[in-house]
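Participant: no FASTA, just this:
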């Protein structure tokens, strides 16, 4: 999830563990603990985009990391406050705020290596990384908590209400996702398409609008489903797979072909643009519904720059930044609530 959401969650956990003893200091240190796992993004400064993608949400988002780091941080802050509060309180504060960070990220598209060192990236793919319906009510309740005295009974009640709301929202998203996934074959069949290996993922900023990605031998098909109206077969996008080009490349350094397949879970397409083979991760969707169907391009991928012998010399991250000039948020939110 986004940094603000992780700060709110970490602060709420810190408050739950030590708020009655420490007051707002508990929320502050919980917020810090809740951001620590994402410090792995620093690795992008000295790694290529592929290795950076593998490192992000890897070790620092695992149970092992929380078990190793929480005792150290707990001890350091325990000594910083000159043993004013019990060590075990600091330990559980940091363990709780650190471990809930990857637990929340598991619900997003990218997932985490929660059980590192195993390669499995655990993901429910049921919450978009920025979801105001999750973050704003949770943050509002926490904000009220921070203005109450530590011995005020409503401080504990409101904090736990925020944690409960956030947890129930995650359950809601999983239920909605599974409901749409269960009907996805029926939706594509209504358009005369056979579907296999279908995945369902939330569209940006909402749990009311969902993308369905399925495939045939030669194409991917993307459909959209709102909770407020029936499935519209006319919204289906067709994207050619074009996957063979990746296996035809040679690599000057490390061969990343299998890594790309792992990172994308096999849902990728490629195209040549000059001396660069562009590979797009289709799990992140396209620009179509954000641009009133004026621009239909995959949102995120990687570019492999090759020489005349098609040997990869460099890999770069691709983001369709030029799409912003075509984005129409008003039209997008209208699409969520009406056909």
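Facilitator: Received it, and whenever you're ready, just let me know what you need. Everything numeric in this text was worked out from a predicted model, so none of it was measured. Numbering: from 1, shown residues only.
Participant: May I see the buried residues of the one helix or strand residue 162 maps to?
Facilitator: Assigned by DSSP states H and E, residue 162 falls within helix 153-189. For helix 153-189, burial by neighbour count (16 or more other Cβ atoms under 10 Å) applies to 155-156, 158-159, 161-163, 165-166, 169-170, 173-174, 176-177, 180, 184-185, 187-188. The way it works is simple: take the backbone N, C-alpha and C, and place the C-beta from them, glycine included.
Participant: How about stretch 1-10?
Facilitator: The neighbour-count check on stretch 1-10 (16+ other Cβ under 10 Å) flags 1, 5-10 as buried.
Participant: average pLDDT for that stretch?
Facilitator: Mean per-residue pLDDT for stretch 1-10: 96.
Participant: Return the residues in contact with residue 104.
Facilitator: With contact taken as Cβ atoms under 8 Å, 6 or more residues apart in numbering, residue 104 is in contact with 1, 5-6, 9, 170.
Participant: Quick check: pLDDT value at it.
Facilitator: On the pLDDT scale, residue 104 is placed at 97.
Participant: what's the answer for residue 321, then?
Facilitator: 66.
Participant: quick one: strands adjacent to the helix or strand encompassing residue 223?
Facilitator: Residue 223 is located in strand 219-226, with elements delineated by DSSP H and E. Neighbouring strands of strand 219-226 in its sheet, by DSSP bridges, are strand 209-215 (antiparallel), strand 237-240 (antiparallel).
Participant: Roughly how far does residue 261 sit from residue 211?
Facilitator: 21 Å (Cβ to Cβ, to the nearest Å).
Participant: higher neighbour count, those two?
Facilitator: A direct count of neighbours by other Cβ atoms under 10 Å for residue 261 and residue 211 places residue 211 higher, at 23 against 16.
Participant: Could you give the bridge partners of the more buried one?
Facilitator: Under the criterion used (DSSP bridges), residue 211 bridges to residue 201, residue 224.
Participant: Unless I'm misreading it, it sits right up against residue 284, doesn't it?
Facilitator: No - the criterion here is Cβ atoms under 8 Å, and residue 211 misses it with residue 284 at 9.5 Å.
Participant: Tell me where this protein has helices.
Facilitator: Taking DSSP state H, the helices of the chain run over residues 3-22, 24-35, 49-55, 63-80, 87-105, 132-146, 153-189, 244-247, 257-264, 329-337.
Participant: Not counting sequence-adjacent ones, nearest residue to the most centrally placed residue in the chain?
Facilitator: What sits nearest the mean C-alpha location of the chain, by Cα atoms, centre = their mean, is residue 108, with 3.6 Å. The shortest distance from residue 108 to any non-neighbouring residue, by Cβ to Cβ, 6 or more residues apart in numbering, is to residue 129 (5.2 Å).
Participant: And the pLDDT at the one you found?
Facilitator: As predicted, residue 129 sits at a pLDDT of 94.
Participant: check contacts around it.
Facilitator: Listed by Cβ under 8 Å, 6+ apart, the contact partners of residue 129 are 1-2, 108-110.
Participant: Relative to residue 233, how far out is it?
Facilitator: Distance of residue 129 to residue 233, computed by Cβ to Cβ: 29 Å.
Participant: what do you get for residue 261?
Facilitator: Residue 261 is 30 Å from residue 233, where distance means Cβ to Cβ.
Participant: for residue 185, same thing?
Facilitator: Distance from residue 185 to residue 233, by Cβ to Cβ: 13 Å.
Participant: Could you do residue 252 as well?
Facilitator: In terms of Cβ to Cβ, residue 252 sits 45 Å off from residue 233.
Participant: cool, residue 205 as well?
Facilitator: Computed as Cβ to Cβ, the residue 205 to residue 233 distance reads 25 Å.
Participant: Between those two, which is the more surrounded one?
Facilitator: Between residue 205 and residue 233, counted using other Cβ under 10 Å, residue 205 has the larger neighbour count: 17 against 14.
Participant: Quick check, the more buried one in contact with residue 134.
Facilitator: No - taking Cβ under 8 Å as the definition, residue 205 is not a contact partner of residue 134, at 10.2 Å.
Participant: In contact with the closest residue to residue 7 other than its chain neighbours, which residues are there?
Facilitator: Of all residues not flanking residue 7 in the chain, residue 31 sits nearest, at 4.6 Å (Cβ to Cβ, 6+ apart). With contact set as Cβ under 8 Å, 6+ apart, residue 31 has these partners: 7-8, 10-11, 14, 97.
Participant: what packs against the helix or strand of the chain with the lowest mean pLDDT?
Facilitator: Using mean pLDDT, DSSP states H and E, the weakest-scoring helix or strand in the chain turns out to be helix 49-55, at a mean of 82. Where contact means 3 or more Cβ pairs under 8 Å, 6 or more residues apart in numbering; DSSP states H and E, helix 49-55 is packed against helix 257-264, strand 311-319.
Participant: partners of the last one, with directions?
Facilitator: Going back to what we said before, that points to strand 311-319. Here, using DSSP bridges, strand 311-319 pairs with strand 250-251 (parallel), strand 300-306 (antiparallel).
Participant: Including mean pLDDT and distance to residue 146, could these go into a markdown table?
Facilitator: Listed next are the strands paired with strand 311-319 as a markdown table, based on pLDDT from 0 to 100; distance: least, Cβ to Cβ, whole Å:
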| stretch | mean pLDDT | distance to residue 146 |
| --- | --- | --- |
| strand 250-251 | 88 | 52 |
| strand 300-306 | 92 | 36 |
